[in-house]
Each structure stands twice: as C-alpha cells, then as structure tokens.
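In: Just to be clear, the model below is a prediction. Sequence and coordinates:
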Amino acid sequence: MQLVIFQATKHLIVGAFATLVDLFLFEFLFFLFPVSSLMIKGVSFLFSTIIKYGGNKYWAFLQHEREDWHKEVMVFFVITLVGLAIDLIAFHYCAKVVDRRLAVVLAAAAAAAVNFTGYKFVVFKK
C-alpha cells in the first residue's frame with residue numbers, strides 16, 4: 001500500500017509539472033493563434049504527455065527496462081488518448097462555468113485519475 005501511495009504522489013508531481021507546461025503552452029499558443037480553444041488544448045495536452053511519459057516511466061514507476069518498449073509506448077499513448085478524451089470533455093464543460101485557466105487544471109485532474117490507474121496497472125506494472 002505504501003508503494004502505491006508513493007507512486008501516486010510521484011505521479012501527481014509529474015502530472016502537476018506537466019499540467020503547468022500544458023497551461024503555459026495553452027496560453028502561449030492561444031496568444032499566438034487565437035483559434036479554437038479545443039484544438040489548442042489538444043496540442044498542449046499531447047505535448048505535456050511526452051513529459052508525463054518520461055516522468056512516470058523513469059521516476060514514478062521506476063521502469064528502466066528497454067524490452068518491449070514499442071508496446072509500452074503504444075499502450076501508454078492509448079491510455080493517454082482516453083485521458084485526452086476525458087480532458088477535452090471536462091475542459092469543454094468546465095470552460096462554460098469557470099475561467100478557461102481553471103478549466104485546464106480541472107480537466108487535467110479528471111484525466112489524471114484515469115491515467116494513474118492505467119499507467120499503474122497496465123503500462124508500468126511489475
């Protein structure tokens with residue numbers, strides 16, 4: 001149980017950092033290209049996913065093995081795409097009620113719960 005709490009804490013730290021990147025990249029891209037918020041949110045979420053993969057693999061779940069890494073990356077991104085769908089849906093509804101910056105954070109929190117479960121029990125299981 002302690003290991004799960006330790007991993008969840010690290011996952012949240014990685015996620016918080018990735019969320020900050022997500023938020024700042026979202027704001028920067030929206031400033032440069034004031035087009036669809038959903039399109040820009042998708043781009044910022046996918047970029048932050050690269051950060052999440054490295055942080056979760058090597059720090060939160062301490063997975064340094066290289067075998068079957070193609071499969072691992074594929075499954076990670078499938079789970080992350082499910083997280084993206086949750087993130088975008090949550091962002092869409094939250095942005096109607098709260099400021100778009102807070103909506104980014106709330107959407108990331110919703111996706112984080114799904115992502116942790118998938119990463120812990122499917123991608124980086126030992």
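Out: Cool, the structure landed.
In: from memory Phe76 sits against Asn115, does it?
Out: No: using C-beta atoms under 8 Å, Phe76 is not in contact with Asn115, being 9.2 Å away. From N, CA and C alone the C-beta is placed, and that goes for glycine too.
In: And those two? Which one has more around it.
Out: Neighbour tally, Phe76 and Asn115, criterion other C-beta atoms under 10 Å: the higher count belongs to Asn115, 26 against 22.
In: Who are the packing partners of the helix or strand containing that one?
Out: For Asn115, the enclosing helix or strand under DSSP states H and E is helix 100-118. Here helix 100-118 is seen to pack against helix 2-32, helix 37-55, helix 69-94 when contacts are counted using 3 or more C-beta pairs under 8 Å, 6 or more residues apart in numbering; DSSP states H and E.
In: ok, Ala110 - contacts?
Out: 86-87, 90 (C-beta atoms under 8 Å, 6 or more residues apart in numbering).
In: For stretch 7-17, buried residues please.
Out: 7, 10-11, 14-15 (16 or more other C-beta atoms under 10 Å).
In: Stretch 21-41 now?
Out: Within stretch 21-41, judged by 16+ other C-beta under 10 Å, the buried ones are 21-23, 25-26, 29-30, 37, 40-41.
In: what's the answer for stretch 61-80, then?
Out: 61, 63, 72, 75-77, 79-80.
In: quick one: buried residues of the helix holding Asn115?
Out: Neighbour-count burial for helix 100-118 flags 100, 103-108, 110-112, 114-116, 118 (criterion: 16+ other C-beta under 10 Å).
In: Model confidence score at the residue most central in space within the chain, please.
Out: Central residue of the chain (C-alpha atoms, centre = their mean): Thr49, 5.2 Å from the mean position. pLDDT for Thr49: 84.
In: which ones are touching it?
Out: Contact analysis of Thr49 by C-beta under 8 Å, 6+ apart lists 18, 77, 80, 84.
In: Kindly check the end-to-end length of stretch 88-100 for me.
Out: Start and end residues of stretch 88-100 are separated by 12 Å (C-alpha to C-alpha, to the nearest Å).
In: Distance from that stretch to the middle of the chain?
Out: Distance of stretch 88-100 from the chain centroid (C-alpha atoms, centre = their mean, to the nearest Å) equals 17 Å.
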